[in-house]
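Trainee: with the input below, show me the fold.
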Amino acid sequence: MSLHRLHTAAQQRSTQQIEKQQKNSRINQSTTSSCDVKAKEHTRQKRIWDLLRNMPTFTIRFLRLVAFVVFLLPAFVVFAWHYVTCDRVAAYYGNCQMHIDEKNDDEQGHETTTSSETGICNGVANRQKNYTQFKVPFFSRQYLDIYGSRTPSPGKTTKKPVVIFLTGGAWIIGYRMWGTLLGRALAPFGILVIVPDYRNFPRVNIEGMVQDVDLSIQWVFDHVEEYGGDKEKVVLAGQSAGAHIGGVVVAMKVWDWLRRERWAAMESIGMKCTEQEVVDEVQSEPSMEMSPLKSTYLPQQLRGFISTSSPHNLVTMRPILHQHGLSASVQKSIFGGLGEGQNDNSGGREEDVFEKWSPYHLFIKAHEEYVNLLDLGDEKKSEGLEVCDIFPRFCVIHGTADKTVPVKEAIEFISLLSKLQIPTEIKMYKGWSHTDPILEAPMRGNHLYHEDIYELVCTWTGGVGSSSYANGDGNEQSHAIAMKRFDKQHPILQPICPSVLVQVARFCNPF
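Mentor: Below is the predicted model:
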């Protein structure tokens, strides 16, 4: 029996054991149900209490945030108006998990549920296939905004490069609307910009956020062509907490892919492994347990990842986050567990709970798995297998005046990627703060960040400035020539707020 089947059998066996336990406990169903409800309610109360204990700090930062918004009010009026009236549709990705389960059922020979096509126009669209009895929740956070689906493509092809942008918000106040200025800037130049929303703390902890982002990426690969995008040209980008979550997803996808490749290599060279050995291996590393990601796309399908102002190393960021209002208890609630009905007794080293969700440490683990694969010596599996063929291309962008996530974070992460021989581009913005790339700079007409993203997308997907397109076939060359250059004089890129108000707002910025 193959190791893949052993792993699947182990998961099924675990599921069957759980189902058996649930069946045996139905006699006390009412009591158990009551306990579960109380446990979940206790978890939610614990999360909220962790936030309330730091209310004085949050209050000060909230007042600074209010002042920040007031001074930038002219820009936010334009911001909100564009969000409502621009070339934007919203799609629900929350039922993507159903389609993943359907694929798994198909692979196992089970019957699938009939689906039908439904849609909602005028700004909220749902063109993906839905189950007949599935009702889309209007107030769900599992929606994403799609910018540029109705904007004509600049090339002969009807498919556009795609940018998935993950917004920040300290894992607490993130919202997809924060990506409006990016969508506004890139859509006129033939880029399809998709900004997923995801559930925040205290509704879920980091695991729920990571799962939401992973499902949204799966939705993009499954449905983006319905909106004029090219699923072969998808780039992931993120800012602040969004970049952190994106880094976790990328690292986990790479690690999971490498682990499965190693199991296949072990099988090909005749190494035997029992079901229990597979289970023991999966559970042996506390910081790299069973991946919470259920998606089916491969990490290599992402053409690149742009990480902006990201807290890459949660262990070293802990005191800094504490200074900015996220106390040790709040941090542990966000990253250390406190799932539904769980307590905060993690056991082992306290750092383990942060390393588990730290891109810095996850990339180290993923690279160790890569080394383990090469050490097997299977020529079919390891021949020509380079790091650059496994990890998406990387670009780390950071402002030198960032006080929320010091530039040292970016420098250390870049040093790690260089040590691991993962190709990485670096862009340091002199004098830029934590939120300058997404708010203050474009509001005053400085679109350096948007231009850099555009050039990276064109290069990585074979557009402007791409050597692969210059040496490709005729169709690719014609598409490369047709792609527009980023025109800083475009009317949509003009300032939307007086510079003096932007400067005062920067002084009040709590981030």
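
Trainee: can we go C-alpha only for contacts and neighbour counts from here?
Mentor: Will do.

Trainee: tell me the secondary structure for residue 367?
Mentor: Under DSSP: H, G, I helix; E, B strand; the rest coil, the three-state class of residue 367 is helix.

Trainee: once you drop chain neighbours, what's closest to it?
Mentor: Closest residue to residue 367 apart from its sequence neighbours, by CA to CA, 6 or more residues apart in numbering: residue 420 at 7.0 Å.

Trainee: got phi/psi on that neighbour?
Mentor: For residue 420, the backbone dihedrals (degrees, to the nearest 10) come out as phi -80, psi 0.

Trainee: show the pLDDT at it.
Mentor: Predicted confidence (pLDDT) at residue 420: the value is 91.

Trainee: again, but for residue 40
Mentor: pLDDT, residue 40: 56.

Trainee: then residue 10?
Mentor: pLDDT, residue 10: 51.

Trainee: how about the closest residue to residue 228 other than its chain neighbours, what does it touch?
Mentor: Spatial nearest neighbour of residue 228, excluding adjacent residues (CA to CA, 6+ apart): residue 159 at 5.1 Å. By CA atoms under 8 Å, 6 or more residues apart in numbering, the contact set of residue 159 is 153, 225, 228-230.

Trainee: closest to residue 182 among the residues you listed?
Mentor: residue 229 (16.6 Å; CA to CA).

Trainee: low-confidence regions, the stretch 151-300 of the chain specifically.
Mentor: By pLDDT under 70, the low-scoring segments of the stretch 151-300 of the chain are 154-157, 269-291.

Trainee: show me where it has helices.
Mentor: Taking DSSP state H, counting those that start in this stretch as the criterion, the stretch 151-300 of the chain carries its helices at 180-186, 206-223, 241-268, 275-284.

Trainee: of those, which approaches residue 437 most closely?
Mentor: Residue 437 lies closest to helix 180-186 among the helices of the stretch 151-300 of the chain, at 9.5 Å (CA to CA).

Trainee: contacting residues around stretch 237-246?
Mentor: Applying CA under 8 Å, 6+ apart, the set of residues contacting stretch 237-246 is 163-171, 209-210, 213, 236, 305-312, 358-359, 434.

Trainee: actually stretch 492-503, sorry about that
Mentor: Residues from elsewhere that reach stretch 492-503 (CA under 8 Å, 6+ apart): 71-72, 74-75, 78, 184-185, 440, 442-447.

Trainee: please repeat the previous calculation with a cut-off of 10 Å.
Mentor: Stretch 492-503 is contacted by residues 68, 70-79, 181, 184-186, 188, 439-447, 450, 487-488, 505-506, 508-509 when judged by CA atoms under 10 Å, 6 or more residues apart in numbering.

Trainee: of the contacts of residue 159, grab the buried ones for ChimeraX.
Mentor: Those of the contacts of residue 159 that count as buried under 16 or more other CA atoms under 10 Å are selected in ChimeraX with:
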select :153,225,228,229,230
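
Trainee: can you lay out the contacts of residue 159 as CSV showing distance to residue 196?
Mentor: Formatted as CSV, these follow (distance: CA to CA, whole Å):
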residue, distance to residue 196
153, 22
225, 17
228, 17
229, 15
230, 17
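
Trainee: so which of the contacts of residue 159 sit within strands?
Mentor: Judged by DSSP state E, these include 229-230 as members of strands.

Trainee: can you pull out the helices in the stretch 351-500 of the chain?
Mentor: 359-375, 379-382, 387-390, 407-419, 440-443, 448-461, 467-470, 474-482, 499-508.

Trainee: what's the closest of these to residue 198?
Mentor: It's helix 359-375; of the helices of the stretch 351-500 of the chain, that one is closest to residue 198 (CA to CA) at 18.6 Å.

Trainee: also compute the angle for that closest one relative to helix 241-268, please.
Mentor: Angle of helix 359-375 versus helix 241-268, following axes from the mean of the first three to the mean of the last three CA atoms, to 10 degrees, is 20 degrees.

Trainee: list the helices and strands helix 359-375 packs on?
Mentor: helix 241-268, helix 314-323, helix 350-355, helix 379-382, helix 387-390, helix 407-419 (3 or more CA pairs under 10 Å, 6 or more residues apart in numbering; DSSP states H and E).

Trainee: what's the mean pLDDT across the fourth one?
Mentor: So that's helix 379-382. 50.

Trainee: now distance to residue 497 too, for the helices of the stretch 151-300 of the chain, in a markdown table please.
Mentor: Formatted as a markdown table, the helices of the stretch 151-300 of the chain follow (distance: least, CA to CA, whole Å):
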| stretch | distance to residue 497 |
| --- | --- |
| helix 180-186 | 13 |
| helix 206-223 | 32 |
| helix 241-268 | 26 |
| helix 275-284 | 53 |
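
Trainee: can you lay out those as JSON lines showing mean neighbour count and distance to residue 424?
Mentor: As requested, those are exported to JSON lines (neighbours: other CA atoms under 10 Å; distance: least, CA to CA, whole Å):
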{"stretch": "helix 180-186", "mean neighbour count": "23", "distance to residue 424": "22"}
{"stretch": "helix 206-223", "mean neighbour count": "22", "distance to residue 424": "22"}
{"stretch": "helix 241-268", "mean neighbour count": "23", "distance to residue 424": "13"}
{"stretch": "helix 275-284", "mean neighbour count": "14", "distance to residue 424": "30"}
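
Trainee: among those helices, which is nearest residue 320?
Mentor: helix 241-268 (14.1 Å).

Trainee: between the helices and strands packed on helix 359-375, which one is nearest to residue 138?
Mentor: Proximity to residue 138 (CA to CA) singles out helix 241-268 among the helices and strands packed on helix 359-375, at 23.0 Å.

Trainee: from memory the residue nearest to residue 367 sits against residue 387, does it?
Mentor: Yes - under the criterion of CA atoms under 10 Å, residue 420 makes contact with residue 387 at 8.4 Å.

Trainee: so who does residue 397 touch?
Mentor: By CA under 10 Å, 6+ apart, the contact set of residue 397 is 239, 306-310, 407, 410, 425-429, 437, 449, 452-453.
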